[in-house]
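# give me a 3D structure for the following:
(chains A and B)
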Amino acid sequence: MTGAGIAQIVAYAIALVALGIPLGAYMVRVYTGNARFAQKLLGPVERGMYRAFGIDPKREHGWKQYAVAVMMFNFFGCVLVYAMQRLQGHLPGNPLHVPGVDPRVAFNTAISFGTNTNWQAYGGESTMSHFVQAAALGVQNFVSAATGMAVLVALTRAFKKKQVDELGNFWVDLTRSTLYILVPLAVVTTVVLVVQGVPQTTHASDHIVLMDAQADVTTQDIAVGPVASQVAIKQLGTNGGGFYNVNSAHPLENPSPASNFIEMLAILLIPAALCFTFGRMVGSRRQGVAILVAMTLLVLPFLALTLHEEQAGNKAIATLHVDQSATSEQAGGNMEGKETRFGISASSLWATTTTAASNGSVNSMHDSYTPLGGLSPIVLIALGEVAFGGVGSGLYGMLIFAIVAVFIAGLMVGRTPEFLGKKIEAYEMKMASLAILVPVAATLIGTGIACLVDETWAKALANHGPHGFSEVLYAFTSQGNNNGSAFGGLTASGTFYTTAGGICMWVARYWIIIPTLAIAGSLARKKIIPPSTGTLPTDGVMFTLLLCGSVILVGALSFLPALALGPIVEHLFL
Amino acid sequence: MTKLAPKKLFDGPIVRRAIGESLAKLDPRRMIKNPVMFVVEIGSMFTTILFVHALASRDTDTSPGFVGAVSIWLWFTVLFANFAEAMAEGRGKAQADALRKARKDVPAIVLDEPTQDAKRHEKPSSQLQAGDFVLVEAGAIIPGDGEIVQGVASVNESAITGESAPVIRESGGDHSAVTGGTTVLSDWLIVKITTQPGQSFLDRMISMVEGAKRKKTPNEIALDILLAGLTIVFLLVTVTLWPFSRFAVKEAMNAGGMGTVVSLTVLVALLVCLIPTTIGGLLSAIGIAGMDRMIQANVIATSGRAVEAAGDVDVLLLDKTGTITHGNRQATAFLPAKGVTEAQLAEAAVLSSLADDTPEGKSIVSLGVGKLGKTVTAPSSATFVPFTAQTRMSGVDFDGRSIRKGASDAIGKYVAALRSGGLPPEVRTTVDDVAKKGSTPLVVCDGNTVLGVVQLADIVKDGIKERFTEMRRMGIKTVMITGDNPLTAAAIAAEAGVDGFLAEATPEAKLAMIREYQEKGHLVAMTGDGTNDAPALAQADVAVAMNSGTQAAKEAGNMVDLDSNPTKLLEIVTVGKQMLMTRGALTTFSIANDVSKYFAIIPAAFVGTYPQLGALNVMGLHSPTSAVMSAVIFNALIIIALIPLALRGIKIRPAPAPVVLRRNLLVYGLGGLVMPFPFIKLIDVIISSLGLG
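Residues are numbered from 1 along each chain as shown, chains lettered A, B, ... in the order given. Down below sits the predicted model:
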């Protein structure tokens, strides 16, 4: 690893914490209704929306009502996105005159954007009109992220509630997440990206006369559009669905090292800041920090593995006496599928953060990584998208793991387990087990069926052998954990992959949200037990390590056999 | 009998009975209550069918020997778990049998009215109804639980408590409850039966120790759910491994390689190794053993739930008298009047107390003899004046001297009658000082000369302060309950090292205090014996009634201490904690074990298709079949190896939660991760050297 690479990672960590702390504090004010300046500015918009939709912002919901609101909102959102894709030929804002989207792809895409997965079974610039990109996909980029944040806030509040049913008002949480947090951040990021050279226009394409004209090619049409705004929210909202097919590897989506740094920062910014928000809202900043540290500890080894493997290069090439070392002349390492303007470090860091968070945007092709370099992204996704994870969803997923860890640790210290003063009992364990089980089931069952129908029905494999298996595993891991990044190499637009993938994404999103809200409802109804020396502190080193251990162990035990047949054996082949 | 004495862990008859029981427990209708072991049983049946199939069709690739061996060891796994449960139950059953002997059917004399001369007829004790009046005469066994409505008698309760010294039972007050199966030694009693047939204390006790009515406790249910969740995860892992393997083989074949799809036997073996069988197999044994340890401490809990709650308790309400202090006040100092030596006072005090059999009197004698360094005897001519409620003094007259000791106002009046003036002022000051310290002053006089004051104080029990410190380290707050005034209470509280006290306690104040703690989220434990304790006992989360107490108290509590020793509360809390800790530790151990099993089975399962995966065989196991066998055998044997731990409970030392967690994580987490590697290797070496693998 090069010195510049290390410097970049250190700068990244510092910037993340430096921005995360104030943002975390600001979000507390937003959710408690104390963001004075922002409310003065945007309050009329907020109140206008409540009036327009007939919402009483003072009315709080119990967990079931909250869950029904989440489900209804997301269901209708998906239906709307589906309809707009199908009808896009008849809708305005379609300068390239792309026709209605194939129903299978439209189904998959609607669920994909509704569930904050942003798996793309299509190529962005050639399939979707500008109107659909902005009004359907762009809107979902905001509200699917806001949904995750709302659910997290409901769960967070439950820890401070004493023997009540109400968790808050979903519509208020959704509106505030969007209006006060996501929109302002997206605006700022858009402006910065435009400064860096990312297009933001209503034009469809620029007609360019090539400087280095070839015999028969003298001009080129370069697709442009409202790129910067789309990129800003896909990074911030852990969405990941790019404007262009190759996502942030495209020079117009991600033109410079500076834009690359900003886009990477945007991936983890809200997930990291929410840890601070959580800590403040439950009245224990240490607790928030402990969870952030646990997330970081989970990610670091995989970042190190990818960096090491990618920088070490390809063994098969090394035997041909090709120099793969990093020198002042070359980046060295495995540069296949990576942009030369980013190199090994920035590509590996992006690959790690985008899979640690359930973002899924890419600036390099994960399919071209070395076996172990590509194992890291799969594992990070397979851990359930809880080490950072999606905005809101990552932290509530981590809190579910914390509940399981607290349960086992609590038994080990001889007390009915309690987390932040709330007793963890059979009901919480039932819901937590469900939430942990669902993504594992979606991933394994999806991959298993794909293996069985591969030749007869799916016919999607480009590569064979262990690498082909890795591609299938990655596709279902990504959709089964709402990540959305793709290994590539797989034709994902066929009937099997669009349908099975759509089901996986739906199940993995809502069968976690519902148990999470159920836990929130149950916790809110409980008393708060005052801490004593017999209480297990959940903000200390011991618990942080136990939490990491639980996440790793569940992930490892669930996926080790599959990984052994994919990336591990592939590595051993080299 | 029937001191419920601790038994040897592996007692011959218990083991024999447990072996039989473990076969009977194979009944799937019983197994299904334990989802983890039920999955193992299904796996055993499935591999047995595979074995028969392999025998019948000779052309299969898998050798019947291997399938058969796996099948046998899977059955052993189930049996070992059943054995653990049967062992735990067996220990209870042995105790229940002993108790049953006390519950023989005896003829009861039933009275129409609760008077001795009422019409009487006989009825077997098993047919007594609540509300019947029975007459029990000396030498007879009390036919059922009840309240004494008339009479005083000494009763031998050793059948229940194991304590052979008789106790006095009388109508009214806090000692009016009698238990069926105990024997009246002298006098007679008329008892109003309070329980229906089959629901007596003895019946409840028997069913508790037998575990007949054992319901899963809340934490056990929660853990069961987690284990079931893990089982489903591993079921998915193993079921999907088949298509993964098939895909891999097909791809390998297309590339000109070879391989065989992983066999169903290996998949079942992997499944059983991965699901948490260690904790699943021992879970119910741990719960039963927890109850059993309670019983060995001579505490009968009405439910496992109560035992578990004891582990959660963070506030203990303890009665001062009997728990924190010795029940009686004892002499601690002689404070002579002006012009009197301590020796003079001591001698007089001892002389006045020689005939005083009360603990206070005895303590004066022993303190005085200690101070004087010699024994004191009264001349044979001496006449002792006993204590009466009227004079409130006692003493001795001899050689014209009349020594008296008593409450200060009583002695004051006595002296004033002999000469004018009453108590000298400096004695009056001493009396006040002693009272302020929370102690009781007794004044001693010889004729009309006031000699001084004997200080009687509550003596805090030896070692109790250390126990409270331990409790504090475990995060448990101790609160002393006393009828004393706040000043006295504060003095004793400070000496005993409790965290708080409730002075001038009334039953209402006690109840209010429990509610207040519970409102704040605390779990409260208390002991009590009187009828007026019943509301507080009913309110407390863990309520230990003294066996010597009233029926009402016993009904209100969720535990009965047969020894009637209020200090037992501390032990009860420990047993409750130990039960939870044992479960947590074995769960961690069980899950951590899985890592090693993967390293044994994954390479074995796929090395045929991808020889490169042999690199994962870090233990260097002999062959794929021996690797699978070793993992399965280890998985079965570890259950047997951990039975003693499950029955005894893990070691518990008082320490704050983080320290306990660190220790247990190191021992059971890290230990569980590392320990199986050498043992699986060892089993593999044995198998392969026997030529079996």
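
# ramachandran angles for whichever residue of the stretch 151-300 of chain A sits closest to chain B?
Closest residue of the stretch 151-300 of chain A to chain B, CB to the nearest CB: residue A:162 (8.8 Å). C-betas here are computed from N, CA, C, even on glycine. For residue A:162, the backbone dihedrals are phi -120, psi 110 (criterion: degrees, to the nearest 10).

# with the one 5 residues further on instead?
Backbone geometry at residue A:167, expressed as degrees, to the nearest 10, gives phi -110, psi -10.

# now do residue B:455
Dihedral angles (degrees, to the nearest 10) for residue B:455: phi -90, psi 120.

# and it, what's its pLDDT?
At residue B:455, the predicted lDDT confidence score is 89.

# count of neighbours near the residue of the stretch 151-300 of chain A closest to chain B?
By other CB atoms under 10 Å in any protein chain shown, 12 other residues sit near residue A:162.

# which residue, other than its chain neighbours, is closest to it?
Closest residue to residue A:162 apart from its sequence neighbours, by CB to CB, 6 or more residues apart in numbering or on different chains: residue A:528 at 5.8 Å.

# check contacts around the one you found.
Contacts for residue A:528 were tallied using CB atoms under 8 Å, 6 or more residues apart in numbering or on different chains; they are A:160, A:162, A:420, A:421, A:422, B:521.

# hmm, try it at 6 Å
Contact analysis of residue A:528 by CB atoms under 6 Å, 6 or more residues apart in numbering or on different chains lists A:162, A:421, B:521.

# host element of residue 428?
No chain was given, so I picked chain A. helix A:426-453 (DSSP states H and E).

# hm, I was asking about chain B
Going by DSSP H and E, residue B:428 is part of helix B:425-436.

# circling back to that earlier point, packing partners of the helix or strand following the helix holding residue A:428?
Per DSSP H and E, the first helix or strand lying C-terminal to helix A:426-453 is helix A:465-480. When contacts are defined as 3 or more CB pairs under 6 Å, 6 or more residues apart in numbering or on different chains; DSSP states H and E, helix A:465-480 sits against helix A:371-382, helix A:426-453, helix A:495-524, helix A:569-573.

# which of these sits most buried?
With neighbours defined as mean count of other CB atoms under 10 Å in any protein chain shown, the helices and strands packed on helix A:465-480 peak in mean count at helix A:371-382, which reaches a mean of 26.

# and the gap between the nearest residue to residue B:232 once chain neighbours are set aside and residue B:691?
Leaving aside its sequence neighbours, residue B:232 sits nearest to residue A:437 (CB to CB, 6+ apart; 5.9 Å). Applying CB to CB, to the nearest Å, the value for residue A:437 to residue B:691 is 43 Å.

# stretch B:477-496 spans what distance, first to last residue?
For stretch B:477-496, the first-to-last residue distance is 13 Å (CA to CA, to the nearest Å).

# repeat for stretch A:88-108
16 Å.

# what's the spacing between that stretch and its chain's center?
25 Å (CA atoms, centre = their mean, to the nearest Å).

# circling back to that earlier point, flag every buried residue along the helix holding residue B:428.
B:427, B:428, B:430, B:431, B:434, B:435 (16 or more other CB atoms under 10 Å in any protein chain shown).
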